[in-house]
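Student: just need the structure, nothing else, for what follows:
(chains A, B, C, D, E and F)
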There are 4 protein chains.
Amino acid sequence: MKDKRPKYKKIIEAAVMVIAEKGYHAAQVSKIAKQAGVADGTIYLYFKNKDDILISLFREKMGMHIEKIRKCLEGKKTASEKLYTLVENHFSQLNKDRQYAIVTQLELRQTNRELRQRINLVLKEYLNLIDEIVEYGVRTGEFREDLDFRLARQMIFGTIDEIATTWVMNDQKYDLVSLVSSVHELLIDGFRKRDALSSDHP
Amino acid sequence: MKDKRPKYKKIIEAAVMVIAEKGYHAAQVSKIAKQAGVADGTIYLYFKNKDDILISLFREKMGMHIEKIRKCLEGKKTASEKLYTLVENHFSQLNKDRQYAIVTQLELRQTNRELRQRINLVLKEYLNLIDEIVEYGVRTGEFREDLDFRLARQMIFGTIDEIATTWVMNDQKYDLVSLVSSVHELLIDGFRKRDALSSDHP
Amino acid sequence: MKDKRPKYKKIIEAAVMVIAEKGYHAAQVSKIAKQAGVADGTIYLYFKNKDDILISLFREKMGMHIEKIRKCLEGKKTASEKLYTLVENHFSQLNKDRQYAIVTQLELRQTNRELRQRINLVLKEYLNLIDEIVEYGVRTGEFREDLDFRLARQMIFGTIDEIATTWVMNDQKYDLVSLVSSVHELLIDGFRKRDALSSDHP
Amino acid sequence: MKDKRPKYKKIIEAAVMVIAEKGYHAAQVSKIAKQAGVADGTIYLYFKNKDDILISLFREKMGMHIEKIRKCLEGKKTASEKLYTLVENHFSQLNKDRQYAIVTQLELRQTNRELRQRINLVLKEYLNLIDEIVEYGVRTGEFREDLDFRLARQMIFGTIDEIATTWVMNDQKYDLVSLVSSVHELLIDGFRKRDALSSDHP
DNA sequence: AATGAATGAGTCTTCATTCAT
DNA sequence: CATGAATGAAGACTCATTCAT
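Tutor: Residues are numbered from 1 along each chain as shown, chains lettered A, B, ... in the order given. Sure thing, here's the model as predicted:
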C-alpha cells in the first residue's frame, strides 16, 4: 500500500509550484497538468474546478500543519509555551516551504468573495487552535481573566499573518524563524497577568 | 473653487459603490462609467486603466484618512494616546463608510502581485505613521527601548487589519468602534515598560 | 434461448431512457452505461460509437415496427385500409412508448448531416413500405393512375411526422390515436379517383 | 439613410453562408465573424450568443418571407389560389436561396429542445398564415365545413416541409418549383367539398 | 473634453473514446 | 467478455481598452 492517490498528490504539488511561480490567475490548468505529468482532463477527476484545486491544496496543507502543531503542543505545560510553539511552527513551515508561503500569503487572497468564504472555513480550524491556547491560558490563570478571546485570537493571527506576508513580499530575504522569540514576547505581554512577568519560553 | 475635477470624483465614488457591491473583478468599467454618469471612454481620460481606478481610489481615501489622523494626533501627548487615536480613527472610518470598508478589506486584496506592490506603496505612508508613534513612545521612554519597530508596527497593523477584515466578513454586524479600548489595551501592554503599568487612554 | 445479447438490449433501452430525459447531446455515454448497469467501456464492445447507439436503437425499433405493420397489412384488401393500418400503427406505437417518441421525433433530428444520412437509410425501408401501399392503390385502380409516388409518400410521411412532432412538443397531452381516422381521410381524399373535379389554380 | 444596421445584416448573411457550408455545430463564431468582416466580440454586440444568431437569422428571413407572401395573397380570391401561392412562395424562396434552404431544412433542426421551442415561436406566425388560408376556405364554403384546422395545417406544412427537406438532402438536384402544381393538387383534394364519397376504413 | 462602437486576446472544462488489467 | 481510469482536443464568450468623431 504505497502512495495512496498518487495523482491527487502530484497535482497538488504541481499546483503549488505553478501558482507560486505565475500567480493564481496566470496559472493555467493545462500548465498545472503538464507539471504534474497528467492530462488536463485528469485534473477534473480529482478536483471539481480550478478553484477547488486551490481550496484542496490549502485544506491538505493546513490539515497537516494543524496535526503537526497539535502533536508539538501536547508536551507543553504553559499557555506561553504553547503560543511559542504555535508561532514557531507557523513561521518554520513557511520558512521551509517557500513556494507554499507565496501561495498562502499572496495567491490565496486573490480570490473572489465566495472562494474566500470557503478558504475561511478551512482557516477556522486553525483559529480554533489559537482559541484553545488562549482559553487554556485564562483557565490556568496565566492570562488575564478578562481577556477577550476573539480579540486575542485576532491579535495573534493578525500579527503573525502580517509578519509572514511582509516577509513574502520582501522576497523572503530574511530568516522568518529568527523572529519567533520577539513576536512571542510582544504577544504574550498583552495577555499576561499584570503582577507576574517573566520570560519563560525555551 | 469647489467641484474641482467633478468627473474624477464622481468616478471614484461610483467605483467604490460598484466594487463594493459586485467585487473588483465583476465590477466592469462600463458599469462604473454608467454609475458615474459618464461614457466608458471618459474613464480613460482620468485613469490609466482599471487598476489605476482602484489605486487612485485607495490613495485618495487613504490620503484624507492620514491627514485627518495627523490632525487628531497633534493634540495628544503620550504614545498611548496617539495609538488610541489611530485605532479609533481607523475603526471609525471603516464603521462610517461601509462600502469603502468592503473595498479596502476584501477587494483591494484580490489583485495580482504587481498591483499589490503599488497598493503597498500607498499603504506605506500609513505604516510610517504607525512607526512614528512607536518611535515616539520609545523616545519618550513610554515604550521599552528594545522594542523592535518593525515588529511593533506589524503587530499594530496586523491586529487592526485582521479585526476589520473579520468584521467585514461577518457582514459588519457589530459596532467596530466599541472594540477600540480593548484593542488599544491589548496592543499597548506588549509595548510598555515592564515596571509601570496603568491605563491611561481617554 | 431467450435473452440473446442481454447487454446489447439493456444498453439500447437505457439509451432510450437517458436520451429521452436529457436530450441526445446531454446524454453522456457514461450515464447510459450507468443506467444500463455496465461499464463505460462495455458500450464500445457492442457499439462503434455514440452515434452508433442512436442509429442502432432506431434500426432496432424501426425494424420491429415495420415487421409488425407488415403483419397487420397482410389481412387488408384495399389501399385505403392499408394506409389506415399504417397510420394507426405509427401513432399507436408512439402513443405507447412515450420515451421512444421523444427520441424519434426530437432527438434523432439533432444530429449532424452525416448521421442524418445514415438515419435516412434506416428510414428508407419505412418509406418503401409507404410506397408499396401507394403503388398498390394505383395498381388496383383505387388511386388515380397519374399519382406521383414520391409526392404521395412525402405527403403521407410529412403529415404524420409533423403531427407526431407537434404532439411530442406539446408534451403528448392528447391522445394521438384518436386522430387516425381524420388523418387517414384527409390523406386518402387527395389520392382517390375523382369523378369530376376542376383544376382551378392559375 | 442607407443601410440601417449594416453590421447586423452582414453577420446574418455571413452566418447563413458558414452554417450552410459547415453545419451549425462546426460553424465557429470566429469563422462567422471573419466571414462578416468584423471582430469576434462585435457579434456579441448584436447577438446574445451563438444560438441567438440562428434564431435571429430565422426570424429575420421568416419575417420577410411572410411579408412577401401576405402581399401575394392579397390579390387572390379563392382559398385554392391562396394555398397555391403559399406553396409556390415557399418552394421558390428555398429554390432561390440554396444556402438558406440548407440552414432552414437541416441545420435549424440540429438544436436542443430549448432552442427548438424558440424556433417554433418564430414558425408559429407562418403556421398562423396557413391557418388563415384554411379558415378562409371553410368560411367561403370552398373547403369542407368539418375540416379540422389543425390537422389541415399540419398536413400542409408537414408535406411541403418533408418535400423541401428531401430536396435538400438530395443535394437540391431538381427544380423544387416544378412540384408546386402537383403538391397543391394533392393537398387541395383532401380539403374540398365532396359530392359523395364513402368512408371505407374499418 | 467627451463619446461609445468596435476590438480581439485568452482559457476552463467536457466527454467520447481507449487500453492495460 | 468486462472494466473504468486516463486521455486531450476544441471553442464560445467577456470585457478592458482604443480611437474616429
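Student: point out where chain A drops to low pLDDT.
Tutor: A:1-4, A:190-202 (pLDDT under 70).
Student: what's the single longest helix in it?
Tutor: Taking DSSP state H as the criterion, chain A has its longest helix at helix A:113-139.
Student: hmm, that helix in reach of chain B?
Tutor: Yes - using C-beta under 8 Å from any C-beta of the partner chain, helix A:113-139 reaches chain B at A:113, A:116-117, A:120. In short, each C-beta sits where N, CA and C put it, glycine included.
Student: against DNA strand F, how distant is residue A:187?
Tutor: Residue A:187 sits at a distance of 41 Å from DNA strand F (criterion: C-beta to the nearest atom of the strand, to the nearest Å).
Student: one more: residue A:101?
Tutor: Residue A:101 sits at a distance of 29 Å from DNA strand F (criterion: C-beta to the nearest atom of the strand).
Student: residue contacts, that residue?
Tutor: When contacts are counted by C-beta atoms under 8 Å, 6 or more residues apart in numbering or on different chains, residue A:101 touches A:94-95, A:164, A:167-168, A:172.
Student: what's in contact with stretch A:48-59?
Tutor: Against stretch A:48-59 from outside (C-beta under 8 Å, 6+ apart): A:11-12, A:15-16, A:19, A:24, A:29, A:32, A:43, A:47, A:103-104, A:107-108, A:111, A:115, A:118-119, A:122.
Student: check the offset of it from the chain's centre.
Tutor: Here stretch A:48-59 is found 16 Å from its chain centre; the criterion is C-alpha atoms, centre = their mean, to the nearest Å.
Student: do that stretch and DNA strand F meet at all?
Tutor: No - counting by C-beta under 7 Å from any atom of the strand, DNA strand F is not contacted by stretch A:48-59; separation bottoms out at 12.7 Å.
Student: is that stretch positioned near DNA strand E?
Tutor: Yes - using C-beta under 7 Å from any atom of the strand, stretch A:48-59 reaches DNA strand E at A:49-51.
Student: quick check: buried residues in that stretch?
Tutor: For stretch A:48-59, burial by neighbour count (16 or more other C-beta atoms under 10 Å in any protein chain shown) applies to A:50-59.
Student: kindly report the same for stretch A:110-128.
Tutor: A:110-112, A:115-116, A:118-119, A:122-123, A:126-127.
Student: and residue A:149, how far from residue B:135?
Tutor: According to C-beta to C-beta, to the nearest Å, residue A:149 stands 32 Å off from residue B:135.
Student: neighbour-wise, which of the two wins?
Tutor: Per other C-beta atoms under 10 Å in any protein chain shown, whichever of residue A:149 and residue B:135 has more neighbours is residue B:135, with 17 against 14.
Student: quick one, what contacts the closest residue to the more buried one other than its chain neighbours?
Tutor: In this structure, residue B:135 finds its nearest non-sequential neighbour in residue B:149, 6.5 Å apart by C-beta to C-beta, 6 or more residues apart in numbering or on different chains. Residues in contact with residue B:149 (C-beta under 8 Å, 6+ apart) are B:131, B:134-135, B:138.
Student: picking that back up, just the residues of helix A:113-139 next to chain B now: which is nearest chain D?
Tutor: Each of the residues of helix A:113-139 next to chain B was checked against chain D using C-beta to the nearest C-beta; the closest is residue A:113, at 26.6 Å.
Student: you'd agree the closest one is up against residue B:24?
Tutor: No - using C-beta atoms under 8 Å, residue A:113 is not in contact with residue B:24; the gap is 10.0 Å.
Student: overlap in contacts, these two.
Tutor: Both residue A:113 and residue B:24 lack any common contact, where contact means C-beta under 8 Å, 6+ apart.
Student: so the one helix or strand residue A:67 maps to versus helix A:113-139, what angle?
Tutor: Residue A:67 is located in helix A:50-74, with elements delineated by DSSP states H and E. For helix A:50-74 against helix A:113-139, the angle by axes from the mean of the first three to the mean of the last three C-alpha atoms, to 10 degrees is 10 degrees.
Student: check which residues of the next helix or strand after helix A:50-74 are buried.
Tutor: Moving toward the C-terminus from helix A:50-74, the next helix or strand (DSSP H and E) is helix A:79-96. Neighbour counts using 16+ other C-beta under 10 Å place A:79-91, A:93-95 of helix A:79-96 among the buried residues.
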